[in-house]
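Participant: Predicted model, plus sequence, below.
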Amino acid sequence: MVRAVDVPGVVTLIYTGTRHALFIRLDICLDAKLKFNRNTACANCFREKQMCICEAVKSFSNKVRVLILQHPQEQFKVLNSARLTRLALKNSDLRVGLSWPNFKKVCGDNSAPSEWGILYLKNELHLSSNNNDNKPAKRTGKDSAISVTGKNGRVVEDLPQIKGIVVIDGSWKQAKAMWWRNPWFLRLNRISLNPSHPSLRKQMKKTGLSTIEAAALALGELGEDEGICQSMIKQYEELVVKPAAEFKQ
Ligand SMILES: [Zn+2]
């Protein structure tokens, strides 16, 4: 069951019957390219100092590691949620760039690609030569919001084997370019998101989610504490979405 509650002029809150209960839908027309001034922004959260979120963020000890790979052009965008994700999750890291030489350089020597997944844009190109890629991935469970496929194209049923996720922070076009620049992405399990809502922001395609929402959705399905995932969404609303609306004014 989905219930929508309108908050005039700001956001529409959508409640679903799933455990990923709260989604935020922007119904205001914010400029997706609106940026903070990098010369005056807080050096930690990259937001204007009067809008700094560093003291307000609640951080959690998450089990599944989160690695955010951020396109350089995303860093100071008002609606960007990558820094908040990094601050909210103690077991996370954020790297800014376009390409990295290999898996171990970013995920560590003690990690194995088979234990990591990368959030996958469903409308992406077919990114490997594997013939199975043209087939839609099966859901891993009746109510699963994600589908996980291994590099061999087979569905991964054993989700607890996923110890970490890579989240690309960028527009669709930027993310696509980063896929091509980093062939080691293909060594990771591919995590397709199947959100139960059509879209969160008007600027995004139907299957698009902000970085923090995508991470929260994936983490929840991978067994992360429900309270952490809900807090991520709530903090996104309180610390990014609402202030962004005011910043525009
Ligand atoms: Zn700050």
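Facilitator: That came in fine, so what should we check first?
Participant: List the residues that contact the most centrally placed residue in the chain.
Facilitator: Within the chain, one residue has its C-alpha closest to the average C-alpha position: by Cα atoms, centre = their mean, that is Thr211, at 2.7 Å. For Thr211, the contacting residues are Ile68, Asn80, Ser81, Ala82, Thr85, Val167, Asp169, by Cβ atoms under 8 Å, 6 or more residues apart in numbering. Yep, even glycine has a C-beta here, placed from its N, CA and C like the rest.
Participant: So which residues on this protein come close to the ion?
Facilitator: Listed as neighbours of the ion in the chain under the rule Cβ under 5 Å from the ion: Cys42, Asn44, Cys45, Cys52, Cys54.
Participant: Can I have the buried ones of these as a ChimeraX selection?
Facilitator: Here is the ChimeraX command that picks out the buried ones among those, judged by 16 or more other Cβ atoms under 10 Å:
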select :42,45,52
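Participant: which residues sit in contact with Ser99?
Facilitator: Contact criterion Cβ under 8 Å, 6+ apart gives Met178, Arg181, Asn182 as the residues in contact with Ser99.
Participant: Just name the closest of those to Ala216, please.
Facilitator: Each of the contacts of Ser99 was scored against Ala216 by Cβ to Cβ, and Met178 proved nearest at 21.2 Å.
Participant: ok, the residues of the chain next to the ion vs Ile233, which is closest?
Facilitator: Distance to Ile233 across the residues of the chain next to the ion (Cβ to Cβ) is lowest for Cys45, with 17.9 Å.
Participant: Assign the closest one to helix, strand or coil.
Facilitator: Assigned with DSSP: H, G, I helix; E, B strand; the rest coil, Cys45 falls in the coil class.
Participant: Would you check that it makes contact with Ala56?
Facilitator: No: taking Cβ atoms under 8 Å as the definition, Cys45 is not a contact partner of Ala56, at 9.5 Å.
Participant: Quick check: the gap between the residue nearest to the centre of the chain and the ion.
Facilitator: Counting by Cβ to the ion, to the nearest Å, the gap between Thr211 and the ion amounts to 17 Å.
Participant: List phi and psi for that residue.
Facilitator: The phi and psi values for Thr211, taken as degrees, to the nearest 10, are phi -60, psi -50.
Participant: One more: Arg38?
Facilitator: phi -70, psi -20.
Participant: That one contacts Pro72, doesn't it?
Facilitator: No: with the criterion set as Cβ under 8 Å, Arg38 and Pro72 do not qualify as a contacting pair; they are 10.9 Å apart.
Participant: Helix or strand with the lowest mean pLDDT in this protein?
Facilitator: Taking mean pLDDT, DSSP states H and E as the measure, the chain has strand 2-7 as its least confident helix or strand, at a mean of 33.
Participant: re earlier: buried ones among the contacts of Ser99?
Facilitator: Of those, these count as buried by 16+ other Cβ under 10 Å: Met178, Asn182.
Participant: Now, the contacts of Ser99 that are in helices?
Facilitator: Counting by DSSP state H, the part of the contacts of Ser99 found in helices is Met178, Arg181.
Participant: Who does the closest residue to Arg86 other than its chain neighbours form a beta bridge with?
Facilitator: Closest residue to Arg86 in three dimensions, ignoring its sequence neighbours and counting by Cβ to Cβ, 6 or more residues apart in numbering: Leu94, at 4.3 Å. Beta-bridge pairing of Leu94 under DSSP bridges involves Ile68.
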